[in-house]
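Undergrad: Okay, sequence plus prediction incoming.
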Protein chains: 2
Amino acid sequence: MIDEASIINRLRRVIPSHAGPSHARRRAALRIPIGIGDDAAVLAASRGCEWVVSTDSFIEGVHFLARLHSPDAAGYKALARATSDLAAMGATPRYFLLTLSLPAQRAGAWLDGFACGMARAARRFGMRLVGGDVSRHSSVAATLTVIGDVRRGAALTRSGARPGDALYVSGELGAAQAGLETLRREGARASARHAHSYSLARHLSPDPRLRLALWLARNRLASAAMDISDGLSTDLARLCEASGVGAAVRAASLPLVREPGRVATPRDAAAALERALDGGEDYELLFTVPHRLASRVPKRLGGVPITRIGEITLKRKLVLLNADGRVQPLRAHGWDHFRK
Amino acid sequence: MIDEASIINRLRRVIPSHAGPSHARRRAALRIPIGIGDDAAVLAASRGCEWVVSTDSFIEGVHFLARLHSPDAAGYKALARATSDLAAMGATPRYFLLTLSLPAQRAGAWLDGFACGMARAARRFGMRLVGGDVSRHSSVAATLTVIGDVRRGAALTRSGARPGDALYVSGELGAAQAGLETLRREGARASARHAHSYSLARHLSPDPRLRLALWLARNRLASAAMDISDGLSTDLARLCEASGVGAAVRAASLPLVREPGRVATPRDAAAALERALDGGEDYELLFTVPHRLASRVPKRLGGVPITRIGEITLKRKLVLLNADGRVQPLRAHGWDHFRK
C-alpha cells in the first residue's frame, strides 16, 4: 500500500542522507546532529563559516515535461538547478531538503527513477538529504532547498561589479536551449540516440560550476558573480542592476555552442546567437573581475572554458557590440514565467 | 504588467525582510550578511547555537481551499504550520524562504492578501524572509522553508521518550478539525460570523507553541517532543516508534474542545473524542517528561493549558484507557495524504 511513510522510505533508501561507510557516518553525525525523521533537521555550523541557503521549484509542465524527460533526468535536474545557486555564491554545497507532491500513480517506478536521478546529483555535488515533506497532488511539483557554507565574508554576490571590470562566462552559451530544441523535435527517444550530444547533456544534466566558483571565492578574484539560469541577456541585466552599472558585450566573443557535423548557415549563426543571449538553463557562471586582476583568470579550469565576453561600463545600459562595428541595445529577452 | 520582478516586489514590500527601524536593520545586517535579491541568502550563525531547518508545502485543494480560505488566512497558515516544526524542536524561529507558484490572475489582490497574512505570521513569530522563487502554475502551491536556532545539544527530538515518562499535550485537541467542520458547513462567511470562535481561530490561525517548547528546551524537562499536525493517534505513534516505546492514553484526561452554548449529547462527546484523537492541524505540542521531573510541569504557561494525558510504556503498543475501565488499542487514524 502506498502511504507517506513508504514514499519517504523509498526516497531515503536511494538518496544519501546519513548512509555510507561508518567513518563517513561518524563525520556526518558531527555535522548533522539530527537528520531526517524528526520535525526538523539540526545542523552544526563549520567554524569561521556562514550558511548559504536557496530554494527553487521544479514543476511538471513548467520546468519539465513528463513525456520528454525521464524521471531520472527530472530528479537530477531538480537538484542540479537549485545547487547552481550555491555555486553562484562560491559556496560548498552540504545539505538539501525536498518537498514533493505527486499523484499516487507516480509513487512507484516513476518515484524510484526520480530518486535515482536525485541521488546521482547528490553524490556528484557531495550533498545529503536532511528533510522534506510529501503530499498528494494531481501533478508533480518539487521544491528543493539547498544549504551550503562559505568562509565568512567570502560569498560572491551580484552587486560588486564596477566600471572597467572584465566580464566573463564559463562554458558555452545556448547549449541547454539547443538541447531542449533537439528533444522537442525528436522526442523522448532523442536522449538515447543523442547520448553523446553535448547540448542535450547540458539540457538534461546541467553541471553547476561549483569548482570554478569556489576557486573565484577563495582567490577573491570576482567582484560579482551569478549563475545564468534565465539567459545571458536577462541575468546580465540583473547583475548590472544590482551593481548599479552597465555592460558592453562583444558578440564575436560569445562562446556559442556548435552542433558537430553541421555546416553553419547565416541563419544558423543568428539562431545560435539568439540562444546564447536569450536561451535559459545553461547554469554557466557569469562573473566580473577587476581589470588589474584579469590576467590571473585562466582560459580553462577543470576542463571548463572561461571566456571574456565584454566589460562593465559606467553608463547603466546594456549594449551588444557586433562584429561589423554596430552597437545595439541588449534587451532582456530571457525567461520570465509571467511574460512568456 | 505582471512579471516575476513585480510579484517579488509585492511580497518584499509587505513581508518583513531587511525592513524595520534602523537599529533593527543594523542588527539584522549582522545576522543576514546577504538577504533577498542574490542567488542565495547568507546567514551568520549565533555563537554556541545549531541551525534547525524544516520545509513544508501548502497546496491549493490539498492544504487550503480557495472558496473557504481567504488569501490572508492562507498566507498566515502556510508560515504558521511550517514554523510549528521549529517549535517542536525547541528552536527560536529566525528566517524563512518562500517558493510560490500561482496563476497570473492570482498575482494581484489575492497575492496582496496572501502576503499580508504571511507578514502577520512573520511578525508574530519574529521571522524574516530571506529568499524564494516565483513561477507560474495553474493553481497555487507554496513551499515554506523555515530556519531557526537552538543552543547546541538542546534540541527536542521524538526519540528520547522512556517507559514511565509522563505524557502531555498543550492546548485543546480537535479544535482545528471542529473549526474546519464549521467552515465546511457554513461556508466562507463563517469566518466573519464566528470571528470569536475558538475552534475556527485554531483552524484558520494556528499558534505554534513556541514559548512552551522553548521553555521545555531551556529547562531540559522534555525527554521527547513533537507537534501534532496529523492527529494525536498518528503523531503519538510516530513519537513512540522513534523512541522504541509504547503509550497508554487516558480518554477522560484528553483536553477536548467544547463549542460554547451547546448542550453536549453522547454523540457529541464521541465526535469530540474522535476529533481529539484523529483530527489534524491542531499544531499543539505533544511531549514526554521523566516521572521524577513531572512535578515541575505547570498547569498552564503563557495562557496555554498543559494537560497530562497518560504515560509511556515499555510494551510497544498504543492503548486508550476508557473512563469505564475498558482498554482498547489506539490506532493511527490521523491524516495521511496517500491513504485518505
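TA: Thanks, I have it.

Undergrad: and residue A:116, how many residues sit next to it?
TA: Neighbour count of residue A:116, defined by other CB atoms under 10 Å in any protein chain shown: 17. Backbone N, C-alpha and C define where each C-beta goes, glycine included.

Undergrad: what does whichever strand or helix holds it contact?
TA: Under the criterion of DSSP states H and E, residue A:116 resides in helix A:109-125. Helix A:109-125 is contacted from outside by A:7, A:10-11, A:13-16, A:70-80, A:83, A:93, A:96, A:98, A:102, A:127-129, A:208, A:210, using CB atoms under 8 Å, 6 or more residues apart in numbering or on different chains.

Undergrad: what residue ranges in chain A score low on pLDDT?
TA: Across chain A, residues meeting the criterion (pLDDT under 70) sit at A:1, A:18-30, A:188-196, A:259-263, A:339-340.

Undergrad: that older thread, and chain B, which of the contacts of helix A:109-125 contact it?
TA: Contacts with chain B are made by A:7, A:98 out of the contacts of helix A:109-125, judged by CB under 8 Å from any CB of the partner chain.

Undergrad: What subset of the contacts of helix A:109-125 is buried?
TA: Neighbour-count burial within these applies to A:7, A:10-11, A:14-16, A:70-80, A:83, A:93, A:96, A:98, A:102, A:127-129, A:208, A:210; the criterion is 16 or more other CB atoms under 10 Å in any protein chain shown.

Undergrad: Which of these fall in strands?
TA: Under the assignment DSSP state E, the buried ones among the contacts of helix A:109-125 contribute A:93, A:96, A:98, A:102, A:128-129 to strands.

Undergrad: Widest-spaced pair of these?
TA: A:93 and A:102 (24.6 Å; CB to CB).

Undergrad: In the stretch 101-250 of chain A, what residue spans correspond to strands?
TA: Shown for the stretch 101-250 of chain A, the strands assigned by DSSP state E, counting those that start in this stretch span residues A:128-136, A:141-151, A:166-170, A:224-228, A:246-250.

Undergrad: Dump these to TSV, plus distance to residue B:253.
TA: Formatted as TSV, those follow (distance: least, CB to CB, whole Å):
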stretch	distance to residue B:253
strand A:128-136	31
strand A:141-151	39
strand A:166-170	64
strand A:224-228	56
strand A:246-250	69
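
Undergrad: how about the residues of the stretch 151-300 of chain A near chain B?
TA: Taking CB under 8 Å from any CB as the contact definition, the stretch 151-300 of chain A meets chain B at A:152-153, A:155, A:157-159, A:226-227, A:242.

Undergrad: In the stretch 101-250 of chain A, which residue sits closest to chain B?
TA: Proximity of the stretch 101-250 of chain A to chain B (CB to the nearest CB) peaks at residue A:143, 3.7 Å away.

Undergrad: now that residue, which residues is it bridged with?
TA: Residue A:143 has the following beta-bridge partners by DSSP bridges: residue A:57, residue A:99.

Undergrad: Can you give me the distance of it to residue B:73?
TA: 22 Å (CB to CB, to the nearest Å).

Undergrad: For stretch A:165-173, measure first residue to last.
TA: This stretch, stretch A:165-173, spans 21 Å end to end (CA to CA, to the nearest Å).

Undergrad: likewise stretch A:200-210?
TA: OK, stretch A:200-210 end separation, CA to CA: 20 Å.

Undergrad: Same question for stretch A:96-115.
TA: End-to-end distance of stretch A:96-115 (CA to CA): 13 Å.

Undergrad: do the same with stretch A:327-338
TA: 30 Å.

Undergrad: So what's the gap between that stretch and the chain middle?
TA: 19 Å (CA atoms, centre = their mean, to the nearest Å).

Undergrad: For it, list every residue counted as buried.
TA: In stretch A:327-338, counting by 16+ other CB under 10 Å, buried: A:330, A:332-338.

Undergrad: and those near chain B, which?
TA: With CB under 8 Å from any CB as the criterion, the buried residues of stretch A:327-338 include A:336-338 near chain B.

Undergrad: Residue A:59: which of the residues you listed is nearest?
TA: residue A:337 (9.9 Å).

Undergrad: so what's that closest one closest to, chain neighbours aside?
TA: Of all residues not flanking residue A:337 in the chain, residue B:136 sits nearest, at 4.1 Å (CB to CB, 6 or more residues apart in numbering or on different chains).

Undergrad: Compute the distance between that neighbour and residue B:2, please.
TA: 9 Å.

Undergrad: okay, those two: which has more neighbours?
TA: Using other CB under 10 Å, the more surrounded residue of residue B:136 and residue B:2 is residue B:136, with 20 against 17.

Undergrad: show me the contacts for the more buried one.
TA: Residue B:136 makes contacts with A:62, A:337-338, B:101-104, as judged by CB under 8 Å, 6+ apart.

Undergrad: cool, and residue A:174?
TA: Contact analysis of residue A:174 by CB under 8 Å, 6+ apart lists A:256-257, A:272, A:274-276, A:279, A:282.

Undergrad: Can I get those in JSON lines including distance to residue A:87, secondary structure and neighbour count?
TA: Compiled in JSON lines, the contacts of residue A:174 are given as follows (distance: CB to CB, whole Å; DSSP: H, G, I helix; E, B strand; the rest coil; neighbours: other CB atoms under 10 Å in any protein chain shown):
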{"residue": "A:256", "distance to residue A:87": "22", "secondary structure": "strand", "neighbour count": "20"}
{"residue": "A:257", "distance to residue A:87": "20", "secondary structure": "coil", "neighbour count": "21"}
{"residue": "A:272", "distance to residue A:87": "25", "secondary structure": "helix", "neighbour count": "22"}
{"residue": "A:274", "distance to residue A:87": "25", "secondary structure": "helix", "neighbour count": "15"}
{"residue": "A:275", "distance to residue A:87": "22", "secondary structure": "helix", "neighbour count": "24"}
{"residue": "A:276", "distance to residue A:87": "20", "secondary structure": "helix", "neighbour count": "27"}
{"residue": "A:279", "distance to residue A:87": "19", "secondary structure": "coil", "neighbour count": "29"}
{"residue": "A:282", "distance to residue A:87": "13", "secondary structure": "coil", "neighbour count": "31"}
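
Undergrad: And for residue A:301, the neighbour number?
TA: 15.

Undergrad: Let me see the contact set for the residue lying closest to it once chain neighbours are set aside.
TA: Of all residues not flanking residue A:301 in the chain, residue A:212 sits nearest, at 5.1 Å (CB to CB, 6+ apart). Contact analysis of residue A:212 by CB under 8 Å, 6+ apart lists A:87, A:170, A:285, A:301-302, A:304, A:306.
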